[in-house]
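Chemist: Got a predicted structure here, sequence first:
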Amino acid sequence: MKFLLDTWSTGARAGLLLFGELQLETPCLLMVTKKGLPAHITHDLLENVLPDAGALQISPIHFLESPPPSVVASVGGLHKLLSLQRRVVVGIARDSFGQEADGLNGTKFGAAFETSSGRRVVGPKKYMEAINALRPDLWATLPDEVPAWATTKRHRMSVDRTLRWLDECLTLNAVQDNSVLGVVVGGSNVEERKRSAEATARRNVSGFSLGGFGLGECPEERAALLKSTIAYLPEEKVRHLSGLGMPEEVLEGVAAGIDLFDSTYPHSLTMKGFAMTFPLWMEQKNGFHTFSEEEPAADMDLTKINLHSVAHRCDVNPIVKGCKCYSCRKHTRAYIHHLLNVHEMLAQTLLDIHNYHHYFSFFRAIRTSIVLDNFQAFREWFMSRRRYIAGADAISSKQSDDVLVAKNVLNHQISTL
């Protein structure tokens, strides 16, 4: 792995991660997977419909049960098992899909994870057995992550364990390449984060994964925690942030100098029947989602739409006007609304395609703003739009639904004359 930094803009930075013939433009979104593949996206869709999905995050904890590491190793690694030769695979212990770290129940022998088979303690030896079998392009060492409200003593213990496990993981690494991310922890304790960052930076790692975020820290303290951590990390090495994936959190991380993000935000919206519609480019008044005579401003939430809503029963518009994703080019809101109502899994597939396409476009807009050296202006514009949209909910959702239902039914009747 090789990391090249190209451009800076008020703390944010854009660069390239090189993995042989494969390359990732940073800041970059890692597509979160279940056992190596996205939940509702097949391999051919990943290749042909989501070309921006250049990197997939996997959790080695998934592969401690079925299939076990021995099976994956016998096939030749995860790339061969899942035919992912054209994708970068990044191994991170923490996974928001279900293998959550249970920090307060960890022991000196390993970190505790709540899995589908119950609580499981995984030590460095077992963790590295999975890593050596999976052979990811980039992987993070085993951390001891604890919630922000843990005591100072517990945070100190977390840092000590994570550093000890880091050394053990490096010793047990069978590949011995430059693809290791050292995990920095410390919770909400600034001094412990500083100590963790300084000690991790002295190890032979090619980058850093900032752990312990998204576990109950106060949002107002997050910027200081990120700053106090990154200040002690070498500038030339790649930085990954785990646990923060909302658009506002991504912008905060980018402003601090983070390069890689993993996020279940797009998929979480999909599972609730929502589709992203928030603005992407400063040149557009409301992003792709524009007010017009055909679509009145009664539906005030421009960040997302609820396709479960009866408002979309007869809506023959795409999810987002002007969007180039497969779902918006080929299908309508009414069709996806119908699929959701009849519990057809194709609804989740189409929503995942759109939501990931929209979020990858969001990251592209971030990279563009950095290259043009106006990231701060982009961030301020985006945040002001989010605040405006959040405060614009003066019309109740029921009133909005009633207006849109009446309008869409009328349009449908006219079109059939």
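Modeler: It's in.

Chemist: and the closest residue to residue 4 other than its chain neighbours, how far is that from residue 178?
Modeler: Closest residue to residue 4 apart from its sequence neighbours, by C-beta to C-beta, 6 or more residues apart in numbering: residue 16 at 4.6 Å. Placement of C-beta: from N, CA and C, glycine included. Here the criterion is C-beta to C-beta, to the nearest Å. By it, residue 16 lies 16 Å from residue 178.

Chemist: now swap in residue 42 and tell me
Modeler: Between residue 42 and residue 178 the computed distance is 33 Å (C-beta to C-beta).

Chemist: Over to residue 232?
Modeler: If you measure residue 232 against residue 178 using C-beta to C-beta, the figure is 21 Å.

Chemist: again, but for residue 308
Modeler: 47 Å.

Chemist: Centre-most residue in this structure?
Modeler: residue 263 (1.7 Å; C-alpha atoms, centre = their mean).

Chemist: who does that residue bridge with?
Modeler: Beta-bridge pairing for residue 263 (DSSP bridges): residue 31.

Chemist: For it, report the pLDDT, please.
Modeler: pLDDT, residue 263: 92.

Chemist: who are the neighbours in contact with it?
Modeler: Shown in contact with residue 263 (C-beta atoms under 8 Å, 6 or more residues apart in numbering): 29, 30, 32, 244, 245, 246, 250, 359.

Chemist: is it true that the second one touches residue 58?
Modeler: This means residue 30. No. In this structure, residue 30 is not within contact of residue 58 by C-beta atoms under 8 Å, at 9.4 Å.

Chemist: Find the residues that touch each one of these two.
Modeler: With C-beta under 8 Å, 6+ apart as the test, residue 30 and residue 58 both reach 90, 92.

Chemist: How about the secondary structure of residue 364?
Modeler: Look at residue 364: counting by DSSP: H, G, I helix; E, B strand; the rest coil, its state is helix.

Chemist: For it, the count of nearby residues, please.
Modeler: Per other C-beta atoms under 10 Å, the neighbour tally for residue 364 reads 16.

Chemist: Now it. Nearest residue, chain neighbours left out?
Modeler: residue 52 (7.5 Å).

Chemist: The one you found and residue 358, how far apart?
Modeler: Counting by C-beta to C-beta - residue 52 and residue 358 are separated by 11 Å.

Chemist: cool, residue 56 as well?
Modeler: Residue 56 sits 18 Å away from residue 358, going by C-beta to C-beta.

Chemist: which of residue 232 and residue 178 has more neighbours?
Modeler: For residue 232 versus residue 178, the count of surrounding residues by other C-beta under 10 Å is larger for residue 232: 17 against 13.

Chemist: Settle this for me: the more buried one is touching residue 197, isn't it.
Modeler: Yes. Counting by C-beta under 8 Å, residue 232 touches residue 197, with 3.9 Å between them.

Chemist: Wait, a strand at residue 356?
Modeler: No. Going by three-state DSSP, the assignment for residue 356 is helix, not a strand.
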